[in-house]
Structures are given as C-alpha cells and as structure tokens.
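Student: What follows is a predicted protein model with its sequence.
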Amino acid sequence: QVQLVESGGGLVQTGGSLRLSCAASGRTFSRYTMGWFRQAPGKEREFVASISWNRGRTYYVDSVKGRFTISRDNAKNTVYLQMNSLKPEDTANYYCAATNYMRSDYDVHYAYWGQGTQVTVSS
C-alpha cells in the first residue's frame, strides 16, 4: 500500500514556475514508477510525466517537454515536478500516482493516487 500526498500548487502568472512535490508513505517507494497526471475542468485526465523506479528514466507528454522536469528522491520518498515557463493551458488539478509498470502513460495502470493539487496559470 502506498499513500501519496501532493503539495506545491498555487496561482502563478504566465511564464512563471512552480515545483510540485508528492510525498509517499511505505517502504517500497523506490520500487514504483511514479507519474504525474493533470485534469482540467471539462477535460479528461492527461498524462504529464513519469519516472521509472530502476534507472530513473523519464517520459513526458509533448506539450510539456523542455518546460517540465520530473525527478525523485528515494531517500525522502518524494517525487517532484518542476514546472517552468507555465502557460494558461497548464491550468489543472495535478495528481501524482504510482505504478508497478516500468513505464506507462495510461492512468488505468496506476494503482495509487494522491488527492491532487491545483495549479492555476493566469494570462
């Protein structure tokens, strides 16, 4: 069992930055691939980024490549999402999630989810 708690969301202007954190409970955090998803009002939940458990390989949706960076600190049981050059279309509720898959951008593959943190980018 893994419990996830996100933090770091907020209101930021276009071009600004935020760093989201996701703290995980449990001793096996290092064995999970971690992902970030987001959901805007009226839209489906969307994959944003993931980082594998073994070699820390990272994957991103095209719309955030070059602007967002996912990282993890297994000693702190925490995964991060550094978001730079934010745009209004990045506005959404951001969720972290854990999966046993080596890599996946499908939310159905993620067994554990946090409660989400709201990111709002003003134009």
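Tutor: Alright, I've got the coordinates.

Student: most centrally placed residue in the chain?
Tutor: When CA atoms, centre = their mean is applied to the chain, the residue found nearest the centroid is Trp36 (2.3 Å).

Student: thinking it is in contact with Ala98, fair?
Tutor: No: applying CB atoms under 8 Å as the test, Trp36 and Ala98 come out as separate, 11.1 Å apart. All C-beta spots, glycine's among them, are computed from the backbone N, C-alpha and C.

Student: What residues are bridge-paired with Gly35?
Tutor: According to DSSP bridges, the residues that bridge with Gly35 are Ser50, Ala97.

Student: ugh, wrong one, Arg72
Tutor: Here Arg72 sits in beta bridges with Val79, as judged by DSSP bridges.

Student: can you pull the contacts of the residue nearest to the centre of the chain?
Tutor: Residues near Trp36 by CB atoms under 8 Å, 6 or more residues apart in numbering: Leu20, Cys22, Val48, Ala49, Ser50, Ile70, Val79, Leu81, Tyr94, Tyr95, Cys96, Ala97.

Student: wait, what's in contact with the closest residue to Ser52 other than its chain neighbours?
Tutor: Leaving aside its sequence neighbours, Ser52 sits nearest to Thr33 (CB to CB, 6 or more residues apart in numbering; 4.9 Å). Neighbour list for Thr33: Ser50, Ile51, Ser52, Trp53, Ala98, Thr99, Asn100, Tyr101, Met102, Arg103, Ser104 [criterion: CB under 8 Å, 6+ apart].
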